[in-house]
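*Asks:* no letters, just coordinates:
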């Protein structure tokens, strides 16, 4: 079985500052890892995913996440955030031998002017 | 543009009513999912379906049932709504029978209030 822990429920940050949203997972099997974003009044949409290969994955809007197997982490980072990045971010894991995707509790990112 | 649509954005029902939440996807996806989203709990899987007329229980199926008569449509049914079923309900679909690595596409959600 897999589980996901997002260590921060809310992260306030000023515009143009760097941010890190933390995610740890547990699993007894190999995993695929995802970050989804939910903008206000919308459904979730995929931000980026790690399947295999390079441990650093990037999104088209400047976010990146690094898979760290030894620390079982998949933290999301952005060097300079914008007001438009205000949203809820969900880390998710799928075990390579299973069917379900397990989601974390979410982290609300507030970007202030 | 791929799309998952849900029949209602907001719904208010009374305790004991039978409630139907409808979800339609236009991507010919095999897999469809119903989640509920609650603050501090993230998304929890209620039911999923990997083919027409096939369904599997998720982590919190109690009080819910589902129906998938056509590939594009997946319905969530609350047989007798209760106040603890007040929540945001999200439908999602995913390509491929076993394609865990494929992303899920989500609908906009239905915010259900049971009075």
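*Replies:* Yes, it's here. Keep in mind that what you see is a predicted model, and the values were worked out from it rather than measured.
*Asks:* from the centroid of chain B, which residue is nearest?
*Replies:* Central residue check for chain B by Cα atoms, centre = their mean: the C-alpha nearest the mean position is that of residue B:34, 2.6 Å away.
*Asks:* what's opposite residue 31 in the beta bridge?
*Replies:* With no chain named, the answer covers chain A. Beta-bridge partners for residue A:31, by DSSP bridges, are residue A:95.
*Asks:* try chain B instead
*Replies:* Under the criterion DSSP bridges, residue B:31 forms beta bridges with residue B:94.
*Asks:* one step back: show me what contacts the residue nearest to the centre of chain B?
*Replies:* Each residue near residue B:34 by Cβ atoms under 8 Å, 6 or more residues apart in numbering or on different chains is listed here: B:21, B:23, B:45-48, B:58, B:64, B:66, B:74, B:76, B:89-91. (Each C-beta comes from the backbone N, C-alpha and C, glycine too.)
*Asks:* okay if I get the residues you listed as CSV plus pLDDT?
*Replies:* As requested, the contacts of residue B:34 are exported to CSV (pLDDT from 0 to 100):
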residue, pLDDT
B:21, 97
B:23, 97
B:45, 94
B:46, 97
B:47, 96
B:48, 93
B:58, 92
B:64, 97
B:66, 97
B:74, 97
B:76, 98
B:89, 97
B:90, 96
B:91, 97
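*Asks:* same for chain A: which of those are within range?
*Replies:* Among the contacts of residue B:34, the ones lying close to chain A by the criterion of Cβ under 8 Å from any Cβ of the partner chain are B:45, B:48, B:58, B:90.
*Asks:* direction included, what does the one helix or strand residue B:76 maps to pair up with?
*Replies:* In this assignment (DSSP states H and E), residue B:76 forms part of strand B:73-78. Strands that pair with strand B:73-78, judged by DSSP bridges, come out as strand B:19-25 (antiparallel), strand B:64-70 (antiparallel).
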